[in-house]
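Participant: My questions concern the predicted model and sequence given below.
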Amino acid sequence: MKLATKIFVGLISGVILGLILSAAGATAIADNIIQPFGDLFIRLIKMLIVPLVFATLVVGASSVSDVSKLSRIGGKTVGYYLCTTAIAITIGVILANIFAPGVGLSISTDLTYQAKETPGIVDTILNIVPTNPIQALADGNMLQIIIFSLFIGICMNLVGRKSEPVKNFFDGFAEIMYKVTEIIMSLAPYGVFALIVPVVTSHGPAVLLPLVKVILLMYVGAIIHSLIVYGTATKLIAKMNPVKFFKGVMPATLVGFSTCSSSGTLPVTIRSTQDNLDVSEEVSSFVLPLGATINMDGAALYQGIAALFVAQVYGIDLTVLQQFTVVLTGALASIGSAGVPGAGLIILTMVLQSVGLPLEGIALVAGVDRILDMARTATNVTGDASCAVVVDATEKRREEALA
């Protein structure tokens, strides 16, 4: 049984037990016996976040060895992915504000959760750069950790051969963190079970009804993002008919939808872009593997919806600056999710932490993660192909101008 299926089973089992305990009035069992196991799972995830993000981002940034190529094709690729990712999470935040999937579902807890107050815009931007990277790691400041990690990874390439021992260390360290993640995520079904039982016991089945709205918002957001952002980019920049683009990339999109793996879909994506969209092998072989690593538009869209959903469920009003923090954290953190099982939950944990939202809220969306992941991966794969088409078109025009 796949992990996503196990998590879904854990959620359903927790709901059933919660309803039984609720009917029996046995809230003490849920709170005193079952809840601690959920709290343990949350602590394990917190333990994982900082070293996982640090190691993954350093390895990812150092993987682009040709600096001259990075300055041209790589620069276009990274810029495109970051822009579309920021747009995706913004769409998610806007949809969640308009349709408010969590409003009206008030959950009272023994703890009072308050969103952190954020500084002004200028201070927010300045605070992205750490004055003390070690302190940023100790405090779990995600934005500062991401910036520091990217600097380390890029500068490894600039240093050259002397940095090989450090590269080897981070490669090994990243593999260790992947294994730690795999172990912790194997406990996710039990963690979700232990987190959802007290919620259902205290509040009954009504707590699960907004999940239908979350799923619908995710799929509507994915369609809007694909049609408007990718369709417009291929039309205006690549001068390609959007119908031709979506028809050409459809095989890869469907494989991504069914497998929920951008990396696993990569061979199909490369073939679709080369055979159906006339993308050169040079561009597709560089842009698409990089996209499978850092392009997480679908995940970013999900973070925007899920973060606002959790805030609404707990009755926390996020300011404009706090929502901007959600956008920025989700966009940057998504590039560190490659190769990580259960990446959606890990990134959501970071996003919730960035504005002080309760991490227990992830239990409300974890059980339907497979359904959400299908839309996320399909969006990611389509975005990878659109970037390849756009970059290839600009490179061909450059070559024609130089000829």
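Facilitator: Received the coordinates, thanks.
Participant: in what helix or strand does the residue most central in space within the chain lie?
Facilitator: Taking C-alpha atoms, centre = their mean, the centroid of the chain lies closest to Ala299, which sits 3.6 Å from it. Ala299 belongs to helix 297-313 when assigned by DSSP states H and E.
Participant: and the next element down the chain from that helix?
Facilitator: helix 320-333.
Participant: quick one: that following helix to helix 297-313, angle?
Facilitator: Helix 320-333 runs at 150 degrees relative to helix 297-313, counting by axes from the mean of the first three to the mean of the last three C-alpha atoms, to 10 degrees.
Participant: Could you export helix 320-333 as PDB, keeping only the C-alpha atoms?
Facilitator: C-alpha atoms of helix 320-333 as PDB (Å, rounded to 0.1, in the frame of the first residue of the first chain):
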ATOM      1  CA  VAL A 320      -1.600  41.700   3.900                       C
ATOM      2  CA  LEU A 321       2.100  41.500   5.000                       C
ATOM      3  CA  GLN A 322       1.500  38.100   6.600                       C
ATOM      4  CA  GLN A 323      -0.100  36.900   3.400                       C
ATOM      5  CA  PHE A 324       2.900  38.300   1.500                       C
ATOM      6  CA  THR A 325       5.100  36.200   3.900                       C
ATOM      7  CA  VAL A 326       3.100  33.200   2.900                       C
ATOM      8  CA  VAL A 327       3.600  33.900  -0.800                       C
ATOM      9  CA  LEU A 328       7.400  34.500  -0.300                       C
ATOM     10  CA  THR A 329       8.000  31.500   1.900                       C
ATOM     11  CA  GLY A 330       6.000  29.100  -0.200                       C
ATOM     12  CA  ALA A 331       7.600  30.300  -3.400                       C
ATOM     13  CA  LEU A 332      11.200  30.000  -2.100                       C
ATOM     14  CA  ALA A 333      10.600  26.800   0.000                       C
END
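Participant: Just the pLDDT for the residue nearest to the centre of the chain.
Facilitator: Here the pLDDT value assigned to Ala299 is 85.
Participant: Next: Leu95.
Facilitator: 94.
Participant: does it really touch Leu217, like I thought?
Facilitator: Yes: with contact defined as C-beta atoms under 8 Å, Leu95 counts as touching Leu217 (5.0 Å). (C-beta placed from N, C-alpha, C; glycine too.)
Participant: Between the two, which contacts overlap?
Facilitator: Applying C-beta atoms under 8 Å, 6 or more residues apart in numbering, one finds that Leu95 and Leu217 are jointly contacted by Ile305.
Participant: Pick out whichever of the two has more residues nearby.
Facilitator: Leu217 (26 against 21; other C-beta atoms under 10 Å).
Participant: got a list of contacts for whichever strand or helix holds the more buried one?
Facilitator: Assigned by DSSP H and E, Leu217 belongs to helix 210-224. The contact list for helix 210-224 (C-beta under 8 Å, 6+ apart) reads 88, 91-92, 95-96, 99, 101-102, 105, 298, 301-302, 305-306, 309, 313, 364-365, 367-368, 371-372, 375-376, 378-379.
Participant: can you tell me which of those are in helices?
Facilitator: Counting by DSSP state H, the part of these found in helices is 88, 91-92, 95-96, 99, 298, 301-302, 305-306, 309, 313, 364-365, 371-372, 375-376, 378-379.
Participant: Buried ones from those, can you make that a PyMOL selection?
Facilitator: With 16 or more other C-beta atoms under 10 Å as the criterion, this PyMOL line picks the buried residues out of those:
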select buried, resi 88+91+92+95+96+99+298+301+302+305+306+309+313+364+365+371+372+375+376+378+379
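Participant: Thought Leu19 was touching Ile196, still the case?
Facilitator: No: assessed by C-beta under 8 Å, Ile196 is found out of contact with Leu19, at 10.9 Å.
Participant: for Phe170, what are its contacts?
Facilitator: Phe170 neighbours (C-beta under 8 Å, 6+ apart): 55, 58-59, 62.
Participant: Which of these lies at the shortest distance from Ser258?
Facilitator: Closest to Ser258 out of the contacts of Phe170 is Val59 (28.3 Å), distances taken as C-beta to C-beta.
Participant: Secondary structure element holding that closest one?
Facilitator: Short version, using DSSP H and E: Val59 is in helix 35-62.
Participant: what's the answer for Leu11, then?
Facilitator: helix 3-24.
Participant: what's that helix packed up against?
Facilitator: With contacts taken as 3 or more C-beta pairs under 8 Å, 6 or more residues apart in numbering; DSSP states H and E, helix 3-24 sits against helix 188-203, helix 363-366, helix 369-402.
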